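1. Got a predicted structure here, sequence first:
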Amino acid sequence: MALGSSNSSAWFGLTTEDDLKSARLYGAMKLLANFELPKNASFMYLVKASCPKGSGSTAFSDLLAIEGIAQALGLSYRNSLELNRVIDDELPSPRPAFSRSEVIVGGAAFDLYTRPILDCVHALYGNPEFSQYLCFTPERHYTDADRTTRLYHDMNTGRWWWDTQRALEKDKPGATIIPLIISSDKTQITLFRNKSAYPVYMTIGNLPKEIRRKPSQQGQILLAYLPTTRRRILANLFHACMTHILAPLKEAGLDGIPMQSGDGIKRRCHPILAAYVGDYPEQCLVTTAYYGDCPCCDTEKNELEEYPQKHPYRDFEAALQAAESIALTSWVDDCRNVNLKPVQHPFWETLPYTDIFRSITPDILHQLYQGVMKHLISWLSNICGADEMDARVRRLPSNHHIRIFQKGITSLSRVSGTEHKQMCSFILGTIVDIPGLTPLQSNSLLASTRALLDFLYLANYPVHSENSLNALDEALAAFHSHRDVFITLNVRQHFNFPKLHFLQHYARAIRLFGTTDNYNTETTERLHIDFTKDAYRASNHKDEYAQMTRWLERREKINHHTNYLQWRVNAQLPGDASPSSKACIGERYDFPGAQRTLSDMECALSQKLTRHPTMKSVSLVKLEDPSPAGYGAVDFQLALKRFIVQFRHPDLPKNRVDEYAAFVVLPFRSLPVWHKVKFVNEELFGKTTLDSISAHPRRFDSHGQMTQTSHFGTALIRVNANNDRIEDIFKDTRIARVRAVFSIPEDKLDTHFPPNCPPPRHLAYVEWYTKFSTVPEQHSGLYRIKKQITAGTVATSIIPLENILRSVHLLPKWGGAVPAHWSNENVLDQAPSFLLNIFADKYFYYNAM
C-alpha cells in the first residue's frame with residue numbers, strides 16, 4: 001500500500017489540512033521505523049544477547065516470534081522470511097540487479113557476477129539526492145581575478161576533462177561527459193583459509209569528491225565480483241571479464257546516450273573511462289606492464305632511480321597496434337617491443353577517448369604511506385638504532401594530533417597505513433642529533449627526510465595551485481639531491497623501486513584529474529568492508545557470491561527506501577532548509593564541507609568549551625603547586641594581579657605594573673577551571689573536534705593510584721592584537737605552554753573591574769617561549785625555540801583565552817642519546833630547546849609553509 005493513498009483507513013476522520021499533514025508525517029515515521037529496525041545496532045545487540053543462536057536471520061525470527069514483540073514494535077512482518085519478501089517484492093530498487101555469467105578462459109570456466117554498467121551510471125547520475133551537486137562541464141579555477149595561477153581540486157578542474165571535451169566536440173557537439181572512475185582490488189575475506197574476493201567499484205567524476213569518498217553518501221557502486229585464481233591465466237581472465245563488463249561503453253562513449261539527471265533535465269551523455277584506481281600490482285595488470293616497470297612511462301626496472309626521468313610516457317597508439325596484431329605470428333614480439341605482456345584483447349583496446357597509461361592515477365596509501373614512507377621509517381630506525389628510536393618516540397610530548405607509541409615503533413608488525421601516517425607526523429623530530437653521525441651525514445639525513453615529508457603533505461592537499469605543484473616537484477628534487485646519505489650509511493644500495501619512481505608522475509596526474517583525494521585507494525579499502533567483508537559474513541559461506549549479491553541488493557533497497565521516508569518526514573517538519581529542498585533546476589551547490597579555495601585550506605578554528613567548568617573550585621594554592629599533583633602555575637597570583645592592572649590601565653608603562661600590582665588584593669581563594677579547550681570549524685567540518693589543548697595535573701582514583709599523567713599543552717598565541725587576520729604566522733604569533741584555563745567568578749568582577757568594561761570571560765595562564773627566529777634551521781626547515789627566561793624564571797602571563805589560535809607540537813632537541821630521566825610527561829620541562837613541528841597537523845602545515 002502506498003504511503004498516503006486515499007483509500008487507506010488511516011485517513012478516516014481527517015477534515016483539515018493540518019490533520020492530513022500530521023497523519024502523513026505519522027505514517028512516514030512509522031514506516032521509517034519499520035525499515036530502520038533491522039539496521040539498528042542496539043536492536044541487533046539485543047537480538048544477539050537474547051538469542052543463543054547469535055544475531056542471524058533465524059535468531060531475528062525467534063525474537064519476533066515472542067508474543068507481543070512484533071505488535072509492540074509496530075512491525076509489518078513477523079519473521080526474517082516475511083521481511084525479505086517485503087524487501088524483494090515491494091521496495092523499489094535504486095540500482096540494477098546482479099547477474100551471473102560464465103567466463104571460459106584457457107579451457108577453464110569461472111563465475112562472474114556483474115551489473116550492467118550503463119544502468120549503474122544512470123543510478124548515480126540520476127539520483128535526485130545528488131542532482132544539486134553534479135557538475136556537467138569542465139571548469140578552470142584561479143587564485144586571483146587576473147587568472148594567472150590556476151587551481152585544481154575536483155575532476156572537472158583538471159585538464160583531462162578539457163582535452164576530452166574538445167576531442168568529443170569535434171565529432172559530437174553538445175556532449176556531456178560522464179568520467180568513469182573504476183577501481184579494483186583483491187581482498188581477503190576470511191581470517192583463515194586465505195579466501196579472497198575480487199570486487200570492482202565504479203563512480204563518476206560528475207559527483208564532488210566529498211560524496212565519492214564517503215561510503216555513507218553511497219556515491220560508489222559495486223560493479224562486479226571478478227573470479228579469483230592463482231593460475232597463469234590470471235591476466236587473460238581479468239581482461240576477458242573487464243571487456244565483458246565495459247563493452248557497452250564503446251558505443252555509448254562514441255555516440256552518447258540520453259540520460260536524465262535527478263533534476264529532470266535530459267542530456268546526451270558520453271560515459272568515458274577516465275581513471276583507473278589500484279595498487280601497483282593492479283596497475284601492472286590493467287596496463288599489461290611487466291612487474292617492476294613503471295606502468296605509465298617507458299622506464300624499466302633497472303632505471304627507476306633516475307631523476308629526472310629520461311624516458312617518455314608510454315605510447316598508447318603503439319600499444320594498441322601491438323594488441324591488435326594478435327592474429328599475426330609476430331604478436332608476442334610486437335608486445336615485447338613496446339615493453340608490454342602479450343595479453344589477449346586488453347579491455348581498453350576498444351574504449352573510446354581512453355589512454356590507459358594516462359588513466360593510471362597516484363596511490364597515496366600504497367605508494368606513499370605503505371610504500372616510500374614505510375621504507376623511510378625503516379631506514380631511519382636502522383640508522384638511529386632500534387633502542388634509541390623507540391626511546392625518543394616514547395618521550396615525545398603529547399598533543400591532540402600526535403599518537404604516542406608507548407612501546408616504540410621498531411617492534412610493530414603488520415603496520416597499517418594509518419599507523420604509518422601517524423608516524424610521519426613526528427618522524428623528523430626523532431632523527432635530530434642522532435649519536436655517531438658526522439655533521440654532514442646528520443644534515444643530509446634531515447634534509448632528505450624533510451623533503452619526503454614535504455612531498456607527502458603537499459600531495460595530500462585538497463586544493464592545488466600551480467605554485468604548490470611546483471613546490472611538489474621541488475620537494476622531490478630535494479630528496480634526490482640528498483638521497484645518497486642512505487647509501488653512505490648502508491641502509492640502501494639503490495633506489496630502483498617503482499613506488500619511489502612514480503612520485504615523478506604526481507604533478508602531471510593532479511593537473512589531469514584533480515587532487516589525489518579524487519582517486520585514493522583508501523576509499524577502495526574502506527568499501528571492502530561494506531561491499532565485500534560484511535556481505536560475506538552475512539552468507540553461510542557456501543556458494544557465497546549468490547548470497548552476497550542478494551544481501552547487497554536488499555541492503556541497497558532498504559537504504560534507498562529509508563532515505564525516501566526520511567525525506568518525507570523532513571518535508572513535513574517545519575523549518576526544513578536543506579539544499580535539496582531549495583535547489584532550483586539547473587542550479588549547483590557545493591557539498592557541505594567542500595574545500596574549493598586556498599583560504600579553505602587555512603581552516604580557521606574557533607574555540608569550544610563546556611558550559612560548566614571541569615573543576616568548579618580549584619584553590620590558588622593548588623594552581624601554584626609545582627608538584628605533579630598541582631597545575632604548576634607558580635606565579636599565578638602575581639600574573640593575575642598584573643593582568644588586572646594592565647586591563648584597567650592599558651597605557652601604564654610596563655616598569656610600573658608591578659608597583660600597582662602590589663596593592664591588588666584578590667577577593668577569592670579558588671577559581672573554576674577547565675581542563676580542555678576544543679577547536680572546531682563548523683563551516684567545513686560541522687561540530688567535529690579538529691584540535692584541542694589540555695591543561696590538567698595528574699589524576700588519581702579513590703585508592704591513590706594514578707589514572708592519568710599530567711598534560712599541559714603548548715599553543716599558538718596571537719600577539720598582534722591590531723590585526724584580526726594572521727598575515728605571517730611567524731611574526732604575528734608566539735608559542736606558550738598553557739598551565740590553567742579559568743574564569744573569574746561574576747560576583748567578584750566588580751571588585752577590580754568597572755561594570756561597563758568586564759574582562760574576557762575565559763582566561764589562560766601561560767608560560768612563554770622565545771620569539772621565532774627570522775629563518776628556520778637550514779636542514780630540518782623547522783623553527784627553534786626555547787623557554788623565555790626573565791630575571792631567572794620562565795616568563796608568564798595571563799591572557800584572554802580567545803588569543804589562543806590552536807595547539808602546536810614541540811619536538812625536543814635531544815643533544816645526543818636520550819636522557820633516561822626524560823619522559824612523555826616531563827620532557828617539556830627537561831629539554832633545553834625545541835623545534836616547532838609543522839607536520840603534526842595538515843592544516844597547520846599549510847599555514848606554516
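-> Ah, there it is.

2. now Ile729, what's its secondary structure?
-> Secondary structure for Ile729, judged by DSSP: H, G, I helix; E, B strand; the rest coil, is coil.

3. My guess is it contacts Met849. True?
-> No - between Ile729 and Met849 there is no contact under CB atoms under 8 Å: 9.6 Å. Using the backbone N, CA and C atoms, a C-beta is placed for each residue, glycine as well.

4. How is the protein divided into domains?
-> Per automatic domain parsing, the structural domains of the chain span 99-288+356-361+522-598, 290-342, 364-517, 603-812.

5. Which one, of the ones you listed, ends up nearest to Leu836?
-> Minimum separation from Leu836 across these (CB to CB) falls at domain 603-812, 4.6 Å.

6. okay, how far is it across the closest one, tip to tip?
-> 27 Å (CA to CA, to the nearest Å).

7. Make JSON lines out of the domains of the chain and add mean pLDDT and distance to Leu91.
-> Output for the domains of the chain, formatted as JSON lines (pLDDT from 0 to 100; distance: least, CB to CB, whole Å):
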{"stretch": "domain 99-288+356-361+522-598", "mean pLDDT": "90", "distance to Leu91": "4"}
{"stretch": "domain 290-342", "mean pLDDT": "95", "distance to Leu91": "42"}
{"stretch": "domain 364-517", "mean pLDDT": "97", "distance to Leu91": "33"}
{"stretch": "domain 603-812", "mean pLDDT": "92", "distance to Leu91": "31"}
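
8. Save the ones you listed as a markdown table, and put in mean neighbour count too.
-> Converted to a markdown table, the domains of the chain look like this (neighbours: other CB atoms under 10 Å):
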| stretch | mean neighbour count |
| --- | --- |
| domain 99-288+356-361+522-598 | 18 |
| domain 290-342 | 16 |
| domain 364-517 | 19 |
| domain 603-812 | 16 |
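
9. Redo those domains as CSV? Include distance to Ile87.
-> Shown next, in CSV, are those (distance: least, CB to CB, whole Å):
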stretch, distance to Ile87
domain 99-288+356-361+522-598, 5
domain 290-342, 42
domain 364-517, 34
domain 603-812, 32
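
10. For Gly74, find the nearest of the ones you listed.
-> domain 99-288+356-361+522-598 (14.0 Å).

11. And the domains of the chain: which comes nearest Trp348?
-> domain 99-288+356-361+522-598 (4.2 Å).

12. starting at the chain centroid, how far to the longest helix along the chain?
-> When the chain is parsed with DSSP state H, its longest helix is helix 544-572. Distance of helix 544-572 from the chain centroid (CA atoms, centre = their mean, to the nearest Å) equals 26 Å.

13. And for stretch 358-372?
-> That offset, for stretch 358-372, works out to 15 Å (CA atoms, centre = their mean).

14. how long is that stretch end to end?
-> 22 Å.

15. try stretch 90-101
-> Stretch 90-101: ends 27 Å apart by CA to CA.

16. Stretch 523-540 too?
-> Termini of stretch 523-540 sit 27 Å apart (CA to CA).

17. Same check on stretch 392-404?
-> OK, stretch 392-404 end separation, CA to CA: 10 Å.

18. Now do the strands in the stretch 651-800 of the chain.
-> Counting by DSSP state E, counting those that start in this stretch, the stretch 651-800 of the chain has strands at residues 670-674, 676-680, 691-696, 699-700, 706-708, 711-712, 714-718, 733-742, 763-768, 784-785, 789-790, 793-794, 796-800.

19. what's the closest of the ones you listed to Glu556?
-> So among the strands of the stretch 651-800 of the chain, strand 676-680 is nearest, using CB to CB, at 33.5 Å.

20. centre of the chain versus stretch 515-525, how much separation?
-> Chain-centre distance of stretch 515-525: 9 Å, with CA atoms, centre = their mean.

21. Can you give the contact residues for it?
-> 152-155, 181, 183-185, 187, 201, 205, 209, 212-213, 220, 275, 277-279, 361-366, 417, 459-464, 506, 509-510, 513 (CB atoms under 8 Å, 6 or more residues apart in numbering).

22. Kindly report the same for stretch 771-786.
-> Contacts of stretch 771-786 (CB under 8 Å, 6+ apart): 428, 432, 442-444, 446-447, 450, 454, 730-731, 734-735, 769-770, 810-811, 813, 832-838.

23. mind listing which of these are in strands?
-> In strands, defined here by DSSP state E, the members of the contacts of stretch 771-786 are 734-735, 810-811, 834-837.

24. hmm, which two among those residues are most spread apart?
-> Counting by CB to CB, the most remote pair of those is Arg734 and Leu811, 17.4 Å apart.

25. Let me know the outermost residue of the protein.
-> Phe663 (54.6 Å; CA atoms, centre = their mean).

26. Quick check: it vs Glu306, distance?
-> 75 Å (CB to CB, to the nearest Å).

27. same thing with Ala274?
-> In terms of CB to CB, Ala274 sits 29 Å off from Glu306.

28. Please apply the same query to Ile181.
-> 30 Å.

29. Then Ala235?
-> 28 Å.

30. Ala546 too?
-> 50 Å.

31. just Gln367 next, same as before
-> In terms of CB to CB, Gln367 sits 18 Å off from Glu306.

32. neighbouring contacts of stretch 145-153?
-> Counting by CB under 8 Å, 6+ apart, 140-143, 157-158, 209, 462-467, 469, 510-511, 514-515, 595-598 sit against stretch 145-153.

33. CA atoms of that stretch as PDB?
-> Extracted in PDB, the C-alpha atoms of stretch 145-153 (Å, rounded to 0.1, in the frame of the first residue of the first chain):
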ATOM      1  CA  ALA A 145      40.900  37.800 -10.600                       C
ATOM      2  CA  ASP A 146      43.600  38.200 -13.300                       C
ATOM      3  CA  ARG A 147      43.500  34.400 -13.900                       C
ATOM      4  CA  THR A 148      47.300  34.000 -13.600                       C
ATOM      5  CA  THR A 149      47.500  31.000 -11.300                       C
ATOM      6  CA  ARG A 150      45.300  28.000 -11.900                       C
ATOM      7  CA  LEU A 151      43.600  25.900  -9.200                       C
ATOM      8  CA  TYR A 152      42.900  22.200  -9.200                       C
ATOM      9  CA  HIS A 153      40.500  20.300  -6.900                       C
END
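
34. so how far is it off the chain centroid?
-> For stretch 145-153, the distance to the chain centre is 25 Å (CA atoms, centre = their mean).

35. Strands of the stretch 101-250 of the chain, start to end?
-> Going by DSSP E, counting those that start in this stretch, the stretch 101-250 of the chain shows strands at 108-114, 141-142, 150-152, 176-184, 187-188, 196-204, 221-226.

36. in its sheet, what does the last one sit against?
-> For strand 221-226, sheet partners with direction are given as strand 108-114 (antiparallel), strand 196-204 (antiparallel), following DSSP bridges.

37. For Trp674, find the nearest of those.
-> Once those are compared by CB to CB, strand 196-204 is nearest, at 43.9 Å.

38. Only alpha carbons, please: show the closest one as CSV.
-> Provided in CSV are the C-alpha atoms of strand 196-204 (Å, rounded to 0.1, in the frame of the first residue of the first chain):
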residue,chain,number,x,y,z
SER,A,196,39.6,-13.8,-1.1
ALA,A,197,37.2,-11.8,-3.3
TYR,A,198,37.9,-9.5,-6.2
PRO,A,199,35.4,-6.6,-6.2
VAL,A,200,35.3,-3.9,-8.9
TYR,A,201,33.9,-0.5,-7.9
MET,A,202,32.7,2.4,-10.1
THR,A,203,31.8,6.0,-9.5
ILE,A,204,31.5,9.1,-11.8
